[in-house]
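**Student:** okay, sequence plus prediction incoming.
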Amino acid sequence: MTNFITTDSLADLGKKYRLQGCSLVLTNGCFDLLHTGHVRYLEQARALGDVLIVAVNSDASVRLLKGPTRPINHQQDRAEIIGALRCVDYVTIFEEMRATTIIRQLRPHIYVKGGDYTPEKLDFQERRALEKCQAEIKILPLIEGRSTTRLIEKLRI
């Protein structure tokens, strides 16, 4: 996967693009079973800036966030699928439950979350890191009827 980047390289990547005058967009998530809602969300996120970096939660952090039966797909598979989307410039995998460390390293111009969040519902440490790097927080609307949870429920029928 040519656009995979380690979390240790994020600071250098951010610096490189900031020097070029590019706006950096960061989003993160589990992306367990990729569906239309994810694809539209990532396309919308990419349209907000020049470079889109997607941080995919590791298997361990997905289990902590979603429970012992998740993730469905392994972290490397999820990252490879996300990285294959033409709207995604870089993909990384992170171990933490929250993206605070990645935000501090990359220092994005724009941080994007889905409509299941509000700026007030963001983790306090994430918000502080975003404020410190003066990132704009964008909340994109959910795509009605599209969710990983709904897909899993359908598969259980």
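**Tutor:** Cool, got the structure. Numbers count the residues shown, from 1 in each chain.
**Student:** going by C-alpha atoms from here, please, whenever you check contacts or count neighbours.
**Tutor:** Fine.
**Student:** taking the centroid of this structure, which residue is nearest it?
**Tutor:** Residue closest to the average C-alpha location in the chain (Cα atoms, centre = their mean): Asn28, at 1.6 Å.
**Student:** grab the nearest non-local neighbour of that one.
**Tutor:** What sits nearest to Asn28 in space, not counting adjacent residues and going by Cα to Cα, 6 or more residues apart in numbering, is Ala55, at 4.4 Å.
**Student:** now the strands for the protein?
**Tutor:** Counting by DSSP state E, one finds strands in the chain at the ranges 24-29, 51-57, 90-94, 110-114, 136-140.
**Student:** contacts for stretch 97-109?
**Tutor:** Outside stretch 97-109, the residues that touch it by Cα atoms under 8 Å, 6 or more residues apart in numbering are 7, 10-15, 23-26, 28, 55, 57, 61-62, 64-65, 94, 123, 125-126, 129-130, 133-136.
**Student:** let's see it at 7 Å
**Tutor:** 7, 10-11, 14, 23-26, 61, 65, 125-126, 129-130, 133, 135-136 (Cα atoms under 7 Å, 6 or more residues apart in numbering).
**Student:** that stretch: which residues count as buried?
**Tutor:** 98-109 (16 or more other Cα atoms under 10 Å).
**Student:** need the mean per-residue confidence for that stretch.
**Tutor:** What stretch 97-109 shows for mean pLDDT is 97.
**Student:** quick one: end-to-end distance for it.
**Tutor:** 21 Å (Cα to Cα, to the nearest Å).
**Student:** and what of stretch 78-98?
**Tutor:** Stretch 78-98 has its terminal residues 18 Å apart, counting by Cα to Cα.
**Student:** then stretch 53-61?
**Tutor:** 19 Å.
**Student:** again with stretch 79-89
**Tutor:** End-to-end distance of stretch 79-89 (Cα to Cα): 12 Å.
**Student:** cool, and stretch 102-119?
**Tutor:** With Cα to Cα as the measure, stretch 102-119 spans 18 Å from end to end.
**Student:** same question, stretch 10-27
**Tutor:** One end of stretch 10-27 to the other measures 13 Å (Cα to Cα).
**Student:** kind regards, and thank you for your time.
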